[in-house]
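S.K.: Give me the fold of what follows.
(2 chains)
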Amino acid sequence: MGERPEIRSQKPQSFQEIILRLQNYWAEQGCAVLQPYDMEVGAGTFHPATTLRALGSRAWAAAYVQPSRRPTDGRYGENPNRLQHYYQYQVIIKPSPPDLQELYLGSLRAIGIDDALHDIRFVEDDWESPTLGAWGLGWEVWCDGMEVSQFTYFQQVGGHDCRPVSGELTYGLERLAMYVLGVDHVMDMPFNAPDARIPLSYGDVFRQTEQEYSRHNFDGADTDKLFQHFKDAEAECQRLLGFDPSDPKLGNRANIMVHPAYDQCIKASHLFNLLDARGVISVTERQAYIGRVRALAKLCADAFVQTEAGGA
Amino acid sequence: MADLLIELFSEEIPARMQANAADALKKLMTDGLVEAGLTYAHAAAFATPRRLVLALQGLSEHSPRLTEERRGPKVGAPEQAIEGFLRGAGVAREALEIRDDKKGQVYIATIVTEGRAAPVIVAEVLERAIRNFPWPKSMRWGSGSLRWVRPLHSILCILSREDGAEVVPLDVDGIVAGNQTRGHRFMAPDAFSVSSFEDYAAKLKRAFVLLDPAERADHIWNEASQMAFAAGLELVEDRGLLSEVAGLVEWPVVLMGRIEERFLDLPPEVLQTSMREHQKFFSVRDPKSGQIVAFVTVANRATVDHGATILAGNQKVLAARLSDAKFFWDNDLRVVLEKGLEAMGAGLSDVTFHNKLGSQADRVARIEALAREIAPLVGADADQVALAAKVAKADLRSEMVGEFPELQGLMGSYYARAAGLPEDVARACVEHYQPLGPSDSVPSAPVSVALALADKLDTLTGFWAIDEKPTGSKDPYALRRAALGVIRLVFGNGVRVSFKGIIQLHKDIVVLDIIAGKHFADEQAAALREARTQLSRARAVSNLNVNAISAAEAAVRKLESDASTTVHEVRAALQLLLNLEADLLTFFHDRLKVHLRDQGIRHDVIDACLAMPGNDDLTLLVKRAEALSAFLKTADGENLLQGFKRANNILSQAEAKDGVEYSFGPDPKLAETDAERALFTALDQAEAAISPAMQAEDFGAAMQAMAGLRAPIDAFFEAVQINAENQILRRNRLNLLHRIREICLQVADLTRVEG
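M.R.: Numbers count the residues shown, from 1 in each chain, chains lettered A, B, ... in the order given. Prediction:
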């Protein structure tokens, strides 16, 4: 356990300030601050910086914001804390450092949660992603009875044992920020500073999009097309990984198209989520679809460990 | 003598695993130390969220020096044999002794195993314990390969004596044992060293850690009760939650808060479940109204604001949770009021019960049909039972049960009342799941009983039909519990029913659902078409895409084999159905034996009753068994049993010898002695008394009448030679014995009773 960073700064004033403080904090701890992945994902874990980089032997440390979409959680912007589009803050460090809990607590102090006044607890919560064929052990972190983060030591991804083990931290940013800022409805949360030239609330930015996407997710999306896209993404992922690794344009050096293939896996996963929201997937089919996405994730993981970044 | 203290300090151990882990540490260490030759006086193990601790008193300092003599080859044996012996014994040639033996002179080796010092043994045993610890789930971390429940940070391992403490030398994958630990994560995080268990426990307390989980639990319970009492309220007891919460904190600080007024009209079970499951709060009741009005939360630290911030935060989280619950409750009620409870269950056709037994809607239809059959047997109105069957599972589609599955049934009863359904129906919604376990109560309202029986019998028949019976310790569908539930429902309510008949009736419905197979056949067909499309597209588009082609081909093959599996399964199910009711009845009988044995009825008594006709009427069966069991405990019963056995043995031997059955009625005119004539009279009298008793199923009275035969039977054997020279007399006497047998076997098969 290292020294406790003595950050007793003022409370943050806005949603974006919390994000900025996390970015700064994890940059100071030596993480590469990445940008969000440019695709629709259900959680920050889907970013290849986590899913793929958790595989293989090479050390890695990254932090990033990831916009995440859970189509079934859409509530037309009316529910105080449910959104179909929200932000996660994701930190992944491989191998997991021995003081990861302390580092994490430091990040809470950085955003104004003073552990001398609050009750912070690590409560058992094992994490599993059936679509990624991944699992790990860890906790949900409680602050005064509220879950503010997910803390996981990855054991397996895409069916591969993680060696070394990555430590993964996921913060649900809206919920955490609402708590820190003392806001009861997410749409009322100040997005930028309340005294900014043009103060904007979360609702100013996202209320309309929540309405539009909720309608889209529940009623609008063309399910026949989505089924077709799902199949296309699945086939494309398999097709890309079916190429001979040796690339004639690189003098026949190995060049496996893992990331392009993984993009298709991400796509398939999101399409499945949309179909699920449209209510056109029965309970029994559900398992089959999850299995199909998992099979893609596994193919990508198998391929990634044969690449340089995968430690081959 | 020394005292041993071990602390394994890690990141937070799941609360539910702590008690078992402390026990396991104690067992692994004490077993290992004893096996290695050490002794100890007393051992105690403790757990907190971050530590597993073992304190051993009076550990011996050394394992004993052991001397063993081993007999070797004869003097003059081949050199190789002697060499081999020396290697095996690990001694030098000159250390061998020569002794006289019966067969001559032999070599004797004396093998000495030196005693080992406690620290060496402790280190060895502890390392083995750490590496083989029985965590339900363990993990690796960082770059290492050691497994523990969560990352293991330090090992404290000291042997303390009067003259000071010694650190046991141990290094487990770079974690070097020492004499240091740390206090509370937030309130006293610095390291300190300790010299004994007393020193350790005292310093921990100063560092805001209560080591003993029982002490933490007591503290929580006492504080919380007092706090509730001071506010004129009472704490709702919850032992499970108490031990869980005690496993979440090292320094429990109890805080109490009020539930906002706007949530108080939620059902108390909803408040309790939401608070317990999500927040690990205790419920606090107003004794006057019985309402849940407040909560107790347990923080893991003291703060300068006396927990004000923590309590406010918890209150806010609770408000958000209860808003959700209220939202679900209001939505569910709206659906029920607008469309009725049955409509709420409309979506049950989308919920799979089991992929071979169809959806929950199919199941509801089956239960309804069966419940209608059972209704008249338990004095329930068939239409009301059918109505209850239709709505009893509807709450599985409610938002509240979606959030809190453990409230199934209970929510149904609330919603049934809201929908204006009869009280019997509302009660059946919750009671048809009962009894849930051996200690759960058995419903007695007729509608509930009919539905509860139908629910369980449908489950049993269904899983029997698809050959998913319990095996050994595996019973994933809790079928033993269901069967015991049936047994308790039947006895609790004196239900008279022929199980064979009812199951025979029901299996036809079950098999129709299985054969219809609509829940997977369609999907398979669709998937098959899809795979074929993919395959032809892959072939048309590209010949590079080997993966897609082979994947599609594999899919087609798999689906084809699935389809033939399906056909096979349906055939197998049909086969199983032939003997289903007999097989299921045997299962019931096995459960019944366990149940009756717990009530002190011997297995041979049960077997004697099982051999009688009508053994699928469990109530009749038990009446019989209870009467027989009681009767055999009396002197009359014991005597009669002996008399019967004597008569039966003689008769059986004669029958075996002569190869005939002596079932021709005996003729009283051939009786020679008074004893023989008296037996005839006694048999006539007994029969006259037994017949009406049997009609009335009064087995006690029937057996009492049989008991009256004991004296005449004894006198008969005394006075009469069965195997008389006169073959006519012999036959008549054997026929007389046959009458005894016939009469005595009316209540139970006494040949199966031991003794």
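S.K.: For the rest of this, base every contact and every neighbour count on C-alpha atoms.
M.R.: Will do.
S.K.: Count the residues that sit near residue B:653.
M.R.: 11 (other CA atoms under 10 Å in any protein chain shown).
S.K.: On the three-state scheme, the nearest residue to residue A:135 once chain neighbours are set aside is what?
M.R.: If the residues on either side of it in the chain are set aside, residue A:135 comes closest to residue A:128, at 4.2 Å by CA to CA, 6 or more residues apart in numbering or on different chains. Following DSSP: H, G, I helix; E, B strand; the rest coil, residue A:128 is assigned to strand.
S.K.: What count of nearby residues applies to residue A:128?
M.R.: By other CA under 10 Å, the burial measure for residue A:128, its neighbour count, is 16.
S.K.: cool, and the one 5 residues further on?
M.R.: Residue A:133 is surrounded by 21 other residues when neighbours are defined as other CA under 10 Å.
S.K.: Return the per-residue confidence for it.
M.R.: Model confidence at residue A:133, given as pLDDT, is 91.
S.K.: thinking again about what came up before, correct me, but the residue nearest to residue A:135 touches residue A:138?
M.R.: No. Counting by CA atoms under 8 Å, residue A:138 is not a contact partner of residue A:128; they are 10.6 Å apart.
S.K.: And the pLDDT at residue 210?
M.R.: All of this is about chain A. 95.
S.K.: To clarify, I was referring to chain B.
M.R.: The predicted local confidence for residue B:210 is 97.
S.K.: before we move on, what about residue B:566?
M.R.: 67.
S.K.: so how far is residue B:143 from whatever residue of the stretch 151-300 of chain A ends up closest to chain B?
M.R.: Using CA to the nearest CA, the single residue of the stretch 151-300 of chain A nearest to chain B is residue A:164, 4.5 Å away. Relative to residue B:143, residue A:164 is positioned 4 Å away (CA to CA, to the nearest Å).
S.K.: now residue B:382
M.R.: According to CA to CA, residue B:382 stands 67 Å off from residue B:143.
S.K.: contacting residues for the residue nearest to residue A:135?
M.R.: Contacts for residue A:128 (CA atoms under 8 Å, 6 or more residues apart in numbering or on different chains) come out as A:134-136.
S.K.: low-confidence ranges in chain A?
M.R.: Along chain A, segments meeting pLDDT under 70 span A:1-9, A:282-284.
S.K.: Apply 90 and report the result again.
M.R.: By pLDDT under 90, the low-scoring segments of chain A are A:1-11, A:72-75, A:78-82, A:114-115, A:126, A:184, A:217-221, A:223-224, A:275-289, A:311-312.
S.K.: give the contact list for residue B:190.
M.R.: Contacts of residue B:190 by CA under 8 Å, 6+ apart are B:182-183.
S.K.: ok so residue B:157 is a strand residue?
M.R.: Yes. Assessed by three-state DSSP, residue B:157 belongs to a strand.
S.K.: I'd guessed it sits against residue B:4; true?
M.R.: Yes. Between residue B:157 and residue B:4 a contact is recorded at 7.3 Å, counting by CA under 8 Å.
S.K.: so what's in contact with those two at the same time?
M.R.: With CA under 8 Å, 6+ apart as the test, residue B:157 and residue B:4 reach no residue in common.
S.K.: near chain B, which residues of the stretch 1-150 of chain A show up?
M.R.: A:94-98, A:115-124, A:136-138, A:144-146 (CA under 8 Å from any CA of the partner chain).
S.K.: In strands, which of those residues fall?
M.R.: Among the residues of the stretch 1-150 of chain A next to chain B, the residues falling in strands (DSSP state E) are A:94, A:120-124, A:136-138, A:146.
S.K.: Can you give me the buried ones in the strand or helix carrying residue B:683?
M.R.: Residue B:683 is part of helix B:674-695, with elements assigned from DSSP states H and E. Residues of helix B:674-695 classed as buried by neighbour count (16 or more other CA atoms under 10 Å in any protein chain shown): B:675-680, B:682-683, B:686-687, B:689-691, B:693-694.
S.K.: for stretch B:331-350, same thing?
M.R.: Within stretch B:331-350, the residues that count as buried by 16+ other CA under 10 Å are B:332-333, B:335-336, B:340-345, B:348-350.
S.K.: repeat for stretch B:60-77
M.R.: B:60-63, B:72-74.
S.K.: Can you tell me which of those lies closest to chain A?
M.R.: Nearest member of these to chain A, counting by CA to the nearest CA, is residue B:61, at 35.1 Å.
S.K.: what's near enough to touch the nearest residue to that closest one once chain neighbours are set aside?
M.R.: Nearest residue to residue B:61, sequence neighbours excluded (CA to CA, 6+ apart): residue B:118, at 5.0 Å. For residue B:118, the contact set (CA under 8 Å, 6+ apart) comprises B:38, B:59-63.
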